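Undergrad: just need the structure, nothing else, for what follows:
(one chain, ligands or ions: 2)
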Amino acid sequence: MTSEKKDTTPRDNTVRIGILTSGGDAQGMNAAVRSVARSAIVLGATPYAIREGWYGAVNGGDLIHPLAWGDLSNTISKGGTIIGTARSERFRKREGMKDAVANLISNGIDRLVSIGGDGSLSGTEELRQLWPELVEELVAEGRLTKAQAAQHPGLIVVGLVGSIDNDMTGTDMTIGTDSALNRIVTALDQLSSTAASHQRTFVVEVMGRNCGYLALMSAVAGGADYVLVPENPPAPGWEDDMCKKLAEGRQQGRRESMVIVAEGAQDQQGQRITADYVAKAIEERTSESARVTILGHIQRGGTPSAYDRWMPTLLGYAAAQEVIKAQPGDSAKVLGVRYNRIARLDLTRTVAETRHVRKLIEAGEYEAAVESRGRSFTDMVEVFRVLSTPPSLLTPLESKAKRVAIMHVGGLAPGMNMASRAAVRFGLQRGLEVLGIQGSFQGLIDGNIKPLAWEDVEGWGYRGGAELGTKREIPVVEEFYAIGRAVENHQIDALILVGGYNAYLSAQAIAGELSRYPALRIPMLLVPASIDNNLPGAEISIGADTALNNLTWSMDLIKESAAAAKRCFVAEAMGRHCGYLALMGGLSSGAETVYLEEDSISLDRLGQDAAEMRESFREGRRLALVVRNELAGGRYDLDFMADVFKQESHGYYDVRTDKIGYLQQGGAPTPFDRLLATRLMYRAMARVDEALGRGEAHIEYLGEENGRVVFHDIADMPVQVDSVKRRPKKQWWMCMRPLLEVMANSNAAVQDFALPLVDLTQDQDR
Ligand SMILES: Nc1ncnc2c1ncn2[C@@H]1O[C@H](COP(=O)(O)OP(=O)(O)OP(=O)(O)O)[C@@H](O)[C@H]1O
Ligand SMILES: O=P(O)(O)OC[C@H]1O[C@](O)(CO)[C@@H](O)[C@@H]1O
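TA: Numbering: from 1, shown residues only. Ligands and ions are numbered 1, 2, ... in the order given. Below is the predicted model:
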């Protein structure tokens, strides 16, 4: 970013858009700033940075300056906010706001994209409402001319929610939350090994102010034993309950114990519960020592997750579009995300609703407070209870004498272990016996099957790989008899297959042979797990988020390695025929070009891209990233593409290739994949239980679509997928394709394209 003093006197007639980040910084704010600024440039407007949040608006001068395309280079992977943030006390006062109006107008700015938490956004709205009055006063005081006042009659505002707390109602995730959750869960994984070595309890305090989202979700994803959140204060005597739970867990073989305390946790008397208090309570009641870890600002630090890059990029484009189109007097909007789509929310209402939750907690209306956090939060309270409570403390359920088997089929997907762990615990709670099949269909035929107890799956959640193994082979007809015999011999009443496309094809094959093999007429349910994200009826499959993060992280490293030389990297992402990883990885790592299998890639296109690449290096570019999906371009493979770029470089840059490969499949699953696996298995086990109760035997697959878990009969599969390309006919993320062009090219021809919007009138959670 340039540091020289800018002449901010308005000279052109373009629309000027001020961009500020305010309140606590959050990972992903840079992606939002970059996107708003670059989209503004592509849409014909001029972006201005207002540095240090509202402090910059109040103080003006060098703190307000235009942003050039190059100022945003290589910022998407950076943590924090490159334009600075602050908590400005002066802005809270009328005089401070008046100074802000004077400074904004003297820079020709009356359109603003404000990125921050509810405090920052309510400050923004207050300024918008006071604007006309303050302008009048400034004219009366001679600080603005009448012409300036006439030119800027009102402030046009769009808000983006940047805060790790995820406390804004109406939006599923705020910018920074996913990264903070990644940070917390990584820390919990690391603490687990030391805790297990000593059979010790760790009490971990996490951020979130009055919101328990980070605490609750990290407790589920990190496999914790007990959680304390502000919305759901524990009843008197909770210290004894907690210690009983910890002791029982130990009895069941749990070596590491973890208690998560939200920083805003309190008891029903409104008394704050600190991590130290929790540790003391444990030491007083058990013979064990407890250790306290306060994660603090680590949670807000470091590089953003892939989600906190592509999501703010999408929102940033939408915000630029919105702020350019809006008219003075239009109500202010805040753009959030619901079900991976953009939610256009009324700023005033959203902020008021958010503050209302805080009031509910203060008033002791806890049930209402939990409900206000939305369905996913409410469900997770119950999910956590079931997952974390040792069987001896769960209300005993009568055994149903039914056996549900679980196995993996297809390529490895991080999160498969979490799905198995959840299956065992949800199944046992329902009075079902859960069997683990080792080694897919061949394992079933060979009888590699054993009952899984509550403690058998302890610690599985954070492991990469698949403890039950997985194989890609689809059973052939000759094996169906053996499979049927195995199902009968092991008295398997229902089967849950966690896996990828080949699991679905296997189920389809079984469905076609049911009349010949009646033993296979049992409920079967497919749970989507594939890093390719190519499964029907599932917008995201288990494993795709981990793979995307692994890919993004590797491309960050590649970019860094290339920064020293003038270099173009051509990187290859997995995904087979599905471009999800390549496109989202490209968007998240700031790639210049992405080639998908879904595109038709001609030699002409490659030649043209290479010529543009040469031109950009000739004009001073130092680094470029091209991402290709592993099957994109058919015979134009990785080496061929690299050769075209090399041949056309004319010495302006050199070219290197990198096949990212199997590291995309490896490592511990991200919190998103763990939570998705848990949510899906919660519903899967309930469905199987119901089917067993009713004596039904459907073969179904499930997945999340538009924020709902939806079940489809296997017969729907041919309608939903392109069977040659092995991917859904409709891929919701494809509409983000033009976004990459907008972020990569200031002369992008793409002006306006359809954004994935959620229809809030159809939203049953609002
Ligand atoms: N009611 C208000 N009126 C005017 N300005 C406000 C108001 N509330 C907050 N602000 C401005 O926004 C800044 C940031 O607010 P706050 O500290 O509440 O953080 P936030 O935006 O809620 O972010 P975070 O989620 O990180 O806490 C304040 O320092 C102040 O300048
Ligand atoms: O960075 P500061 O000013 O210490 O603020 C910490 C607070 O900000 C947040 O990180 C974001 O609102 C909260 O979770 C935390 O309570």
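
Undergrad: tell me where the stretch 201-350 of the chain has strands.
TA: Along the stretch 201-350 of the chain, counting by DSSP state E, counting those that start in this stretch, strands occupy 201-206, 226-228, 257-262, 290-294, 333-338, 341-346.

Undergrad: for the host helix or strand of residue 95, name the packing helices and strands.
TA: Assigned by DSSP states H and E, residue 95 belongs to helix 94-106. Helices and strands touching helix 94-106, by 3 or more C-beta pairs under 8 Å, 6 or more residues apart in numbering; DSSP states H and E, are helix 53-59, helix 118-140, helix 146-151. Just so you know, the C-beta spots here come from the backbone N, C-alpha and C atoms, and that holds for glycine as well.

Undergrad: which strands and helices sit next to the last one?
TA: To tie it back to what came earlier, the one meant is helix 146-151. Partner elements for helix 146-151 (3+ C-beta pairs under 8 Å, 6+ apart): helix 94-106, helix 118-140.

Undergrad: quick one: average confidence on the longest one?
TA: Looking back up the chat, that one is helix 118-140. Computed over helix 118-140, the mean pLDDT rounds to 96.

Undergrad: what about the residue in the stretch 151-300 of the chain that ligand 2 sits nearest to, how many neighbours?
TA: In the stretch 151-300 of the chain, the residue that lies nearest ligand 2 is residue 207 (3.3 Å; C-beta to the nearest ligand atom). If you count neighbours by other C-beta atoms under 10 Å, residue 207 ends up with 23.

Undergrad: do the same with residue 394
TA: Residue 394: 14 neighbours (other C-beta under 10 Å).

Undergrad: and it, what's its pLDDT?
TA: Residue 394 carries a pLDDT score of 82 in this model.

Undergrad: skip the chain neighbours and tell me the closest residue to the spatially most central residue of the chain.
TA: Geometric centre of the chain, nearest residue: residue 307, 4.4 Å, by C-alpha atoms, centre = their mean. What sits nearest to residue 307 in space, not counting adjacent residues and going by C-beta to C-beta, 6 or more residues apart in numbering, is residue 178, at 4.3 Å.

Undergrad: pLDDT at the one you found, what is it?
TA: Looking at residue 178, the pLDDT reads 98.

Undergrad: how about the helices in the stretch 601-750 of the chain?
TA: Ranges of helices within the stretch 601-750 of the chain are 603-618, 638-647, 671-694, 717-720, 737-744, based on DSSP state H, counting those that start in this stretch.

Undergrad: which one, of the ones you listed, ends up nearest to residue 561?
TA: Nearest to residue 561, of all the helices of the stretch 601-750 of the chain, is helix 638-647, at 15.8 Å by C-beta to C-beta.

Undergrad: residues in contact with that closest one?
TA: Helix 638-647 is contacted from outside by 568, 570, 572, 595, 603, 606-607, 609-610, 613, 626, 628, 633, 636, 654-657, 659, using C-beta atoms under 8 Å, 6 or more residues apart in numbering.

Undergrad: got the angle between it and helix 603-618?
TA: Helix 638-647 runs at 50 degrees relative to helix 603-618, counting by axes from the mean of the first three to the mean of the last three C-alpha atoms, to 10 degrees.

Undergrad: show me which residues of the stretch 1-150 of the chain are close to ligand 1?
TA: 22-24, 54, 87-88, 91-92, 116-120, 122-123, 126 (C-beta under 6 Å from any ligand atom).

Undergrad: run through those and flag the ones next to ligand 2.
TA: 24, 117.

Undergrad: of the residues of the stretch 1-150 of the chain next to ligand 1, keep whichever come out buried.
TA: Burial by neighbour count, 16 or more other C-beta atoms under 10 Å: within these this picks out 22-24, 54, 88, 91, 116-120, 122-123.

Undergrad: show me what contacts residue 22?
TA: With C-beta under 8 Å, 6+ apart, residue 22 has these contacts: 53-54, 85-88, 114-117, 119-120, 123.

Undergrad: could you export those as JSON lines, including distance to residue 741?
TA: What follows is the contacts of residue 22, written out as JSON lines (distance: C-beta to C-beta, whole Å):
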{"residue": "53", "distance to residue 741": "31"}
{"residue": "54", "distance to residue 741": "33"}
{"residue": "85", "distance to residue 741": "30"}
{"residue": "86", "distance to residue 741": "34"}
{"residue": "87", "distance to residue 741": "37"}
{"residue": "88", "distance to residue 741": "37"}
{"residue": "114", "distance to residue 741": "26"}
{"residue": "115", "distance to residue 741": "23"}
{"residue": "116", "distance to residue 741": "29"}
{"residue": "117", "distance to residue 741": "31"}
{"residue": "119", "distance to residue 741": "35"}
{"residue": "120", "distance to residue 741": "31"}
{"residue": "123", "distance to residue 741": "35"}
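
Undergrad: now, among the residues you listed, which is nearest to ligand 2?
TA: residue 117 (5.4 Å).

Undergrad: shouldn't that closest one be in contact with residue 164?
TA: No: checked against C-beta atoms under 8 Å, the pair residue 117 and residue 164 is beyond contact range at 9.0 Å.

Undergrad: generate a PyMOL selection restricted to the buried subset of the contacts of helix 638-647.
TA: Only the buried entries of those go into this PyMOL selection, using 16+ other C-beta under 10 Å:
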select buried, resi 568+570+572+595+606+609+610+613+626+628+633+636+655+657
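
Undergrad: wait, isn't residue 426 in contact with residue 682?
TA: Yes: counting by C-beta under 8 Å, residue 682 is a contact partner of residue 426 at 5.8 Å.

Undergrad: identify the bridge partners of residue 721.
TA: Per DSSP bridges, the residues bridged to residue 721 are residue 728.

Undergrad: gap between it and ligand 2?
TA: As for residue 721, its distance to ligand 2 is 42 Å (criterion: C-beta to the nearest ligand atom, to the nearest Å).

Undergrad: quick check, residue 158 in a strand?
TA: Yes: with DSSP: H, G, I helix; E, B strand; the rest coil as the criterion, residue 158 is located in a strand.

Undergrad: so it makes contact with residue 326?
TA: Yes: taking C-beta under 8 Å as the definition, residue 158 is a contact partner of residue 326 at 7.4 Å.

Undergrad: quick one: which of these two has more around it?
TA: Each of residue 158 and residue 326 has its neighbours counted (other C-beta under 10 Å); residue 158 has more, 28 against 17.

Undergrad: residue 318 versus that one, what's the distance?
TA: 8 Å (C-beta to C-beta, to the nearest Å).

Undergrad: what sits against the closest residue to ligand 2 within the stretch 301-450 of the chain?
TA: Residue nearest to ligand 2 within the stretch 301-450 of the chain: residue 301 (10.6 Å; C-beta to the nearest ligand atom). Shown in contact with residue 301 (C-beta under 8 Å, 6+ apart): 27, 79-80, 183.

Undergrad: kindly recompute the last result at 6 Å.
TA: residue 79 (C-beta atoms under 6 Å, 6 or more residues apart in numbering).

Undergrad: and it, what's its pLDDT?
TA: 91.

Undergrad: need phi/psi at it.
TA: Torsion angles at residue 301 (phi, psi; degrees, to the nearest 10) stand at phi -90, psi 170.

Undergrad: related to what we said a few turns ago, would you list the strands of the stretch 201-350 of the chain in a markdown table and tack on mean neighbour count, mean pLDDT and distance to residue 539?
TA: Listed next are those as a markdown table, based on neighbours: other C-beta atoms under 10 Å; pLDDT from 0 to 100; distance: least, C-beta to C-beta, whole Å:
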| stretch | mean neighbour count | mean pLDDT | distance to residue 539 |
| --- | --- | --- | --- |
| strand 201-206 | 26 | 97 | 28 |
| strand 226-228 | 27 | 98 | 28 |
| strand 257-262 | 27 | 96 | 28 |
| strand 290-294 | 18 | 96 | 35 |
| strand 333-338 | 24 | 95 | 12 |
| strand 341-346 | 20 | 94 | 10 |
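
Undergrad: out of those, flag the one nearest residue 452.
TA: strand 257-262 (21.2 Å).
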